[in-house]
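**Q** Build the 3D model from these lines:
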Amino acid sequence: VGAYHFFHGNGLAEAKYFLAWVKKYGLDKSTVLAIDVEAQDLPANTTPQVNIFLKYLKSQGYSNVITYGSGSWFKYGRINRVALVNQRIWVAAYGVTQPGIDNANAWQYTDNFKGLHVDASYDFDGSLSGTLTNPITQTQPSYYQATTLGLYEVIAPQVNVYKKLKFDKTNK
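**A** Model (predicted):
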């Protein structure tokens, strides 16, 4: 379970409001909390108010936070990742083959998965699932192997990008 806040630009007031709801629902301090920064009326540099929001959550013991925004907002500085107090980011970039922002922690690649109007994201390092991995101690995944052609072959019966998708000869 995670919680998500659509940000309107008032860092402290919105963080207090959001955290009150997080507590009301009984979510503990390990819960992933996302701030969605994409409202068109936000200032050109919204990073200072985002930081106020993030700092407040962290000061209350909620350190499992991530900033969500459009790839273009990160690319052109509307959200300055380097200046964020927590640099974990979840990038929205549709119709492309990668998020377009180096070292993104997660990537929402569609809001219409298989025509179902369902958002779909890759969680590259566990930031969304709350199982953040340490890139220094990561091991090679066990669900694929390199082939002699320089490609990768799935060797597991299931890959947990979509928790129930099984790979077999009947899936097309």
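**Q** Other residues contacting the helix or strand hosting residue 69?
**A** Following DSSP states H and E, one finds residue 69 within strand 65-70. With contact meaning CB atoms under 8 Å, 6 or more residues apart in numbering, strand 65-70 is reached by 4, 32-38, 50, 54, 57-58, 78-79, 81, 84, 86, 88-93, 105-106, 108, 127-128. Where you see a C-beta, it was placed from the backbone N, CA and C, and this is true even at glycine.
**Q** pretty sure residue 121 is touching residue 108, no?
**A** Yes - with contact defined as CB atoms under 8 Å, residue 121 reaches residue 108; the gap is 4.3 Å.
**Q** who touches both of the two?
**A** What both residue 121 and residue 108 touch, as defined by CB under 8 Å, 6+ apart, is the set residue 90.
**Q** one step back: and the contacts of strand 65-70, which are buried?
**A** Buried residues within the contacts of strand 65-70, defined by neighbour count using 16 or more other CB atoms under 10 Å: 32-35, 37, 50, 54, 57-58, 78-79, 81, 84, 86, 88-93, 105-106, 108, 127-128.
**Q** Let's verify the most centrally placed residue in the chain: helix, strand, or coil?
**A** Taking CA atoms, centre = their mean, the centroid of the chain lies closest to residue 90, which sits 3.1 Å from it. Three-state call for residue 90 (DSSP: H, G, I helix; E, B strand; the rest coil): strand.
**Q** and what of the one 4 residues further on?
**A** Counting by three-state DSSP, the backbone at residue 94 sits in coil.
**Q** same thing with residue 57?
**A** When classified by three-state DSSP, residue 57 comes out as helix.
**Q** Run a quick neighbour tally on the residue lying closest to it once chain neighbours are set aside.
**A** Of all residues beyond its chain neighbours, the one nearest residue 57 is residue 65 (5.4 Å), with distances taken as CB to CB, 6 or more residues apart in numbering. If you count neighbours by other CB atoms under 10 Å, residue 65 ends up with 20.
**Q** Enumerate the beta-bridge partners assigned to residue 65.
**A** Beta-bridge pairing of residue 65 under DSSP bridges involves residue 33.
**Q** ok, now how distant is it from residue 94?
**A** Using CB to CB, to the nearest Å, one obtains 24 Å as the distance from residue 65 to residue 94.
**Q** repeat for residue 86
**A** Distance, residue 86 to residue 94, by CB to CB: 25 Å.
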